[in-house]
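Got a predicted model here, sequence first, then my questions.
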Amino acid sequence: VRVMLAVLGSMAAQGPVIHWVSNHRRHHQYSDQPGDPHSPHLQPLGKSGQLYGLWHAHIGWMFGSELVNSALCARDLRRDPAIVRVSRLYLIWVMLGLAIPTILAGLLSQTWTGAWQGLLWGGLVRIFLVHHATWSINSIAHLWGSRPFETHEQSSNNFWLAIPTGGEGWHHNHHAFPSSAVFGLEWWQIDLGGWVIQGLEKLGLAWEVKRPTQLMVAAKKRLRLD
């Protein structure tokens, strides 16, 4: 299951799994502080600074950020032979993610046009939309939304991002409880990724799944003064 999820994640074409984890952990370590790879809050003040910060957090950081040292930020994954191999074969998984919808659509339609449409919609458009949904967590979810918990950064929960990102839109919950496998902490917070993990847990395919207790959630709630 671990390898399967790593391979499927690699098909999103967002970088080798060890590289991705290294960036994500560095983001948590220095969130919205110097050292954060993609914070929108480290730019000059004013409207121009805000726009540049939004651009930087969304996509610009990939063109100018420092390479994160995976020996420090993903040491545990570098010791996992299976994950190391998945990470090294990253380009194979990306190509496979493009080939599967192309071949499947071509076989179902028995035409080259169908194959092209499979590549376009199941491959290129899919990657484009998934990328922008993910990047929106870096940019939009660190600028606009609700912040019910006491944290030391500017992450927020954004309802409009929850469904297209599979639950990642509850980004403030994730920063408040970064070790939790479940992001949707309220009954109404749609969290597709969390539901998948809980489903694997019920099937015995995942264990020691971490989630905050009600006491932990209540203790971290932001104080509201009337």
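Cool, the structure landed.

Name the residues of the helix or strand bottoming out on mean pLDDT in the chain that are buried.
Lowest on mean pLDDT, DSSP states H and E among the helices and strands of the chain sits helix 47-55, with a mean of 85. Across helix 47-55, burial judged by 16 or more other Cβ atoms under 10 Å covers 53-54. The C-beta positions use only the backbone N, C-alpha and C, and glycine is treated the same way.

contacting residues around the closest residue to Glu168 other than its chain neighbours?
Computed as Cβ to Cβ, 6 or more residues apart in numbering, the closest residue to Glu168 that is not its neighbour in sequence is Ile137, at 5.2 Å. Taking Cβ atoms under 8 Å, 6 or more residues apart in numbering as the definition of contact, the neighbours of Ile137 are 161, 165, 168-169, 171.

next one: the least confident helix or strand of the chain to chain centre, how far?
Between the mean C-alpha location of helix 47-55 and the chain-wide mean there is a distance of 22 Å, by Cα atoms, centre = their mean, to the nearest Å.

Low-confidence ranges, the chain, go.
Counting by pLDDT under 70, the chain contains low-confidence residues at 44-47, 65, 223-226.

Looking at the chain, which helix is longest?
For the chain, the helix with the greatest residue count under DSSP state H is helix 90-109.

In terms of secondary structure, what does that helix contact?
Judged by 3 or more Cβ pairs under 8 Å, 6 or more residues apart in numbering; DSSP states H and E, the packing partners of helix 90-109 are helix 2-10, helix 112-117.

Can I get the least confident helix or strand of the chain as CSV, trimmed to CA atoms?
Only the C-alpha atoms of helix 47-55 are listed here, as CSV (Å, rounded to 0.1, in the frame of the first residue of the first chain):
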residue,chain,number,x,y,z
LYS,A,47,-0.2,45.7,-3.0
SER,A,48,2.7,44.9,-5.4
GLY,A,49,4.3,42.9,-2.6
GLN,A,50,1.1,41.0,-2.0
LEU,A,51,0.7,40.2,-5.6
TYR,A,52,4.3,39.1,-5.9
GLY,A,53,3.9,37.0,-2.7
LEU,A,54,0.8,35.3,-4.2
TRP,A,55,2.7,34.5,-7.4
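
all helices in this structure, in order from the N-terminus.
In the chain, the segments counted as helices under DSSP H are 2-10, 17-29, 47-55, 61-64, 70-73, 75-78, 81-88, 90-109, 112-117, 126-139, 159-162, 171-176, 192-202, 214-220.

buried sites along the longest one?
Taking 16+ other Cβ under 10 Å as the basis for neighbour counts, the residues of helix 90-109 that come out buried are 90, 93-94, 97-98, 101-102, 105-106.
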